[in-house]
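Engineer: how would this look folded up:
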Amino acid sequence: MTAKTQQLRALLASGEFLYMPSATTPIEGKLAETAGARIVYTGGYATGASRAITEPLLTMDEQVRVAGEVARAVAVPLVADAGAGFGEPLHTMRTVREFAAGGIAGIHIEDQLFPKRAHYHKYVAHAVPLPEFVNKIKWACRERDRVDPDFVIIARSDTCREFGLDEAIGRVNAAAEVGADLGLVFPRNNSEAETAPKRSKLPLIWVQSRGNRDGRPIYSLAELQAMGYRACIDAQLLLGVAVHFMKEALGEMLQTGQYTRIGDNQFTALRKDIEDMIGLDSYYDVEAETVEKDQAEAGSRH
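Structural biologist: Next comes the predicted model:
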């Protein structure tokens, strides 16, 4: 067990509704933590896009590395997208080990075909048979119990879009029987969104799919809490907002030769915020007590 897995377990047991913004860089993780997020999330979509590829092309090592870099930058626990476990039950056991060793506090594992295909982003999901999914979750939970019993396993089903809520909830409930800690499904409309938490044997996480093209609703955190969800993953917020404003800034510079939307005083304050988040003053303190002190003492002897 680790401090962060214990911290995540305590948060889940507290009854507090948990907001989990997706971060794929340490500075995004620090931003989320500074803003007050109690948990940070590293999603596959955002990780793939931030590397100018697609999530299905990510390897386990890449996702562990990206999530681990964010996890090490923050004091709060991090939950990561582990896709379809990167293989069969044996591979999924190693996935649990590697994410746990990387400092991640929990992962979600889905019931999609591995390797995933790019047309997943067009909502074409290839679900594996139920026994195969349950077996993968079972062995993931066994490895969790061996490596760190506080490490969190989230069972995710992508079958709702194609086969309906009954199938997705049935799969999550089957995963509950073999040790999964939380569930994650993708209700398609208001009725399914309201029904899902009532029918699940596991506490459910809602995924806020901003910009989705299949009509999935977007809710406020208060609405999700009222419906009975345990947490909300905000999968595209930071990535989307960053791309939007970077496009605006670069467009203005290339069209006009200057950037005016943030004034000099605002940029000075912004740089101070960045430097505070990365702990720059603490680095100054170390240098003042070491190399600068040594240099000053050497100078005084001459």
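Engineer: Would you check that residue 127 makes contact with residue 161?
Structural biologist: No. Using Cβ atoms under 8 Å, residue 127 makes no contact with residue 161, being 9.8 Å away. The way it works is simple: take the backbone N, C-alpha and C, and place the C-beta from them, glycine included.
Engineer: Against which helices or strands is the helix or strand hosting residue 33 packed?
Structural biologist: Assessed by DSSP states H and E, residue 33 sits inside helix 26-35. If you count contacts as 3 or more Cβ pairs under 8 Å, 6 or more residues apart in numbering; DSSP states H and E, helix 26-35 packs onto strand 40-42, helix 60-73, helix 237-256, helix 264-277.
Engineer: Please compute how far stretch 8-22 lies from its chain's middle.
Structural biologist: Stretch 8-22 sits 13 Å away from the centroid of its parent chain (Cα atoms, centre = their mean, to the nearest Å).
Engineer: Export the helices and strands packed on helix 26-35 as CSV, with columns for mean pLDDT, distance to residue 81 and mean neighbour count.
Structural biologist: Below are the helices and strands packed on helix 26-35 laid out as CSV (pLDDT from 0 to 100; distance: least, Cβ to Cβ, whole Å; neighbours: other Cβ atoms under 10 Å):
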stretch, mean pLDDT, distance to residue 81, mean neighbour count
strand 40-42, 98, 7, 29
helix 60-73, 98, 7, 20
helix 237-256, 96, 13, 13
helix 264-277, 95, 24, 11
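Engineer: who wins for proximity to residue 114 among the ones you listed?
Structural biologist: Checking the helices and strands packed on helix 26-35 against residue 114 by Cβ to Cβ gives helix 60-73 as the closest, at 10.5 Å.
Engineer: Give the next helix or strand downstream of that closest one.
Structural biologist: Next helix or strand after helix 60-73 toward the C-terminus (DSSP H and E): strand 78-81.
Engineer: Given that following strand, what are its sheet partners and their directions?
Structural biologist: Note on strand 78-81: by DSSP bridges, its sheet partners are strand 40-42 (parallel), strand 106-110 (parallel).
Engineer: ok, residues contacting it?
Structural biologist: With Cβ atoms under 8 Å, 6 or more residues apart in numbering as the test, strand 78-81 has contacts from 4, 8, 20, 29, 39-45, 47, 55, 63-64, 67, 70-71, 99, 103-108, 152, 154, 233.
Engineer: And residue 151, how far from residue 102?
Structural biologist: Plainly put, residue 151 is 11 Å away from residue 102 if you go by Cβ to Cβ, to the nearest Å.
Engineer: If you count surrounding residues, which of those two has more?
Structural biologist: residue 151 (26 against 19; other Cβ atoms under 10 Å).
Engineer: Enumerate the positions of stretch 218-225 that are buried.
Structural biologist: By neighbour count on 16 or more other Cβ atoms under 10 Å, the buried set for stretch 218-225 is 219, 221, 223-225.
Engineer: scratch that, stretch 154-171 is what I was asking about
Structural biologist: Using 16+ other Cβ under 10 Å as the test for burial, stretch 154-171 gives 154-161, 165, 167-171.
Engineer: Could you list the domains of the protein?
Structural biologist: Domain segmentation of the chain under automatic domain parsing yields 3-236, 244-300.
Engineer: How far off centre is the shortest one?
Structural biologist: In other words, domain 244-300. 27 Å.
Engineer: swap in stretch 179-191?
Structural biologist: 16 Å.
Engineer: end-to-end on that stretch?
Structural biologist: End-to-end distance of stretch 179-191 (Cα to Cα, to the nearest Å): 28 Å.
Engineer: Which parts of that stretch count as buried, going by neighbours?
Structural biologist: Buried residues in stretch 179-191 (16+ other Cβ under 10 Å): 179-188.
Engineer: Stretch 92-105 now?
Structural biologist: Residues 92-93, 95-100, 102-105 are the ones in stretch 92-105 that count as buried (16+ other Cβ under 10 Å).
Engineer: And stretch 26-46, by the same measure?
Structural biologist: 26, 28-33, 37-46.
Engineer: what does stretch 127-137 give?
Structural biologist: Using 16+ other Cβ under 10 Å as the burial criterion, the residues of stretch 127-137 that qualify are 127-128, 130, 133-137.
Engineer: How about the contacts made by residue 176?
Structural biologist: When contacts are counted by Cβ under 8 Å, 6+ apart, residue 176 touches 155, 183, 200-202.
Engineer: at 10 Å instead, please
Structural biologist: Residue 176 makes contact with 137, 155, 182-183, 200-203, according to Cβ atoms under 10 Å, 6 or more residues apart in numbering.
Engineer: average model confidence for the helix or strand hosting it?
Structural biologist: According to DSSP H and E, residue 176 maps onto helix 165-177. Averaged across helix 165-177, the pLDDT comes to 98.
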